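In: sequence isn't available, so here's the structure alone:
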Ligand code: SAM
């Protein structure tokens with residue numbers, strides 16, 4: 001059926017492509033892609049050949065309007081190179097304009113490196129903020145981190161190997177003593193998650209440039225530890241004696 005299909009693709013292990021995703025891609029009249037070489041490999045893996053249209057959020061409004069016009073009568077899929085489209089990837093403006101045009105929009109949910117890393121981290125998951133990539137320049141990075149310091153949530157960052165050391169040092173300086181994790185190559189052969197305080201991780205990666213794709217998570221700012229259950233009991237008993 002016509003419309004826009006947002007299709008998540010693997011972030012490493014190709015087996016993570018769901019049967020639903022493969023089905024939607026094989027039926028799509030066209031697939032809006034970030035890099036046709038990357039998507040061609042995925043389509044080849046599932047034995048599918050479909051027309052591909054390069055799309056970025058900085059594509060011209062005409063390209064976007066053209067895609068949206070097609071969605072009225074054709075099934076147009078949107079994928080990015082890896083993971084969930086729109087998450088540090090193109091697609092937001094396409095979905096925004098498709099919605100404004102009354103297009104039927106479906107999502108085929110699947111892998112997302114941010115959520116995968118959060119679940120691996122051991123940090124609180126009840127409240128989290130996806131920050132994505134910090135600015136590369138030192139000053140802008142420090143400013144962006146300062147703006148996050150008071151937020152009571154686990155923070156999730158995307159990063160590359162060459163920048164990891166500098167980013168961890170900036171996070172340690174700007175956020176202080178917090179638990180954190182570095183997840184690398186999730187769902188791939190050399191997958192690894194290292195946890196520790198920001199200072200420990202900054203030291204560890206100061207002179208090491210890890211290979212591959214990386215997600216950093218940082219726990220919320222420390223809160224005064226709640227009194228232990230025994231202390232509460234003791235305080236209650238003491239209060240009772242004073243009452244009697
Ligand atoms: N849309 C993607 C998603 O849903 O996760 C993210 C795209 S963003 C351009 C690419 C970044 O995601 C990488 O620089 C890295 O920070 C993170 N990433 C993607 N795949 C990963 C993996 N297998 N392991 C760790 N991080 C990954």
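Out: That came in fine, so what should we check first? Just so we're clear, the structure is a prediction, and the values are computed from it rather than from any experiment. Numbers count the residues shown, from 1 in each chain.

In: please count neighbours and contacts with C-alpha atoms only from this point.
Out: OK.

In: can you tell me the helix or strand for the spatially most central residue of the chain?
Out: Residue closest to the mean C-alpha point of the chain, counted by Cα atoms, centre = their mean, is residue 114 at 2.9 Å. Using DSSP states H and E, residue 114 sits within helix 113-121.

In: show the average pLDDT along that helix.
Out: Across helix 113-121, the average pLDDT comes to 98.

In: give me the contacts around that helix.
Out: 11, 83, 125, 130, 156-158, 180-181, 183, 186, 193, 195, 215-217 (Cα atoms under 8 Å, 6 or more residues apart in numbering).

In: do stretch 15-32 as well
Out: Outside stretch 15-32, the residues that reach it (Cα under 8 Å, 6+ apart) are 5, 7-10, 46, 48-55, 74-79, 108, 110-111.

In: what about this protein, any weak spots by pLDDT?
Out: When residues are selected by pLDDT under 70, those of the chain lie in 223-244.

In: got a list of contacts for stretch 147-159?
Out: Here stretch 147-159 has contacts from 114, 118, 123-125, 127-134, 174-175, 213-221, using Cα under 8 Å, 6+ apart.

In: could you list which of those residues belong to helices?
Out: 114, 118, 174-175 (DSSP state H).

In: closest to residue 40 out of those?
Out: Closest approach to residue 40 among the ones in helices among the contacts of stretch 147-159 (Cα to Cα): residue 114, at 24.5 Å.

In: distance of the closest one from residue 106?
Out: To residue 106, residue 114 is 21 Å away according to Cα to Cα, to the nearest Å.

In: one more: residue 10?
Out: 18 Å.

In: the two: which is more packed in?
Out: Comparing residue 10 with residue 106 by other Cα atoms under 10 Å, the one with more neighbours is residue 10, at 21 against 12.

In: hang on, that one packs against residue 111?
Out: Yes. Look at residue 10 against residue 111 with Cα atoms under 8 Å: they come within range, at 5.8 Å.

In: what is in contact with these two at once?
Out: With Cα under 8 Å, 6+ apart as the test, residue 10 and residue 111 both reach 16, 83.

In: tally up the residues packed near the closest residue to residue 211 other than its chain neighbours, please.
Out: Leaving out its chain neighbours, the residue that sits closest to residue 211 by Cα to Cα, 6 or more residues apart in numbering is residue 161, at 5.6 Å. Applying other Cα under 10 Å, we find 16 residues neighbouring residue 161.
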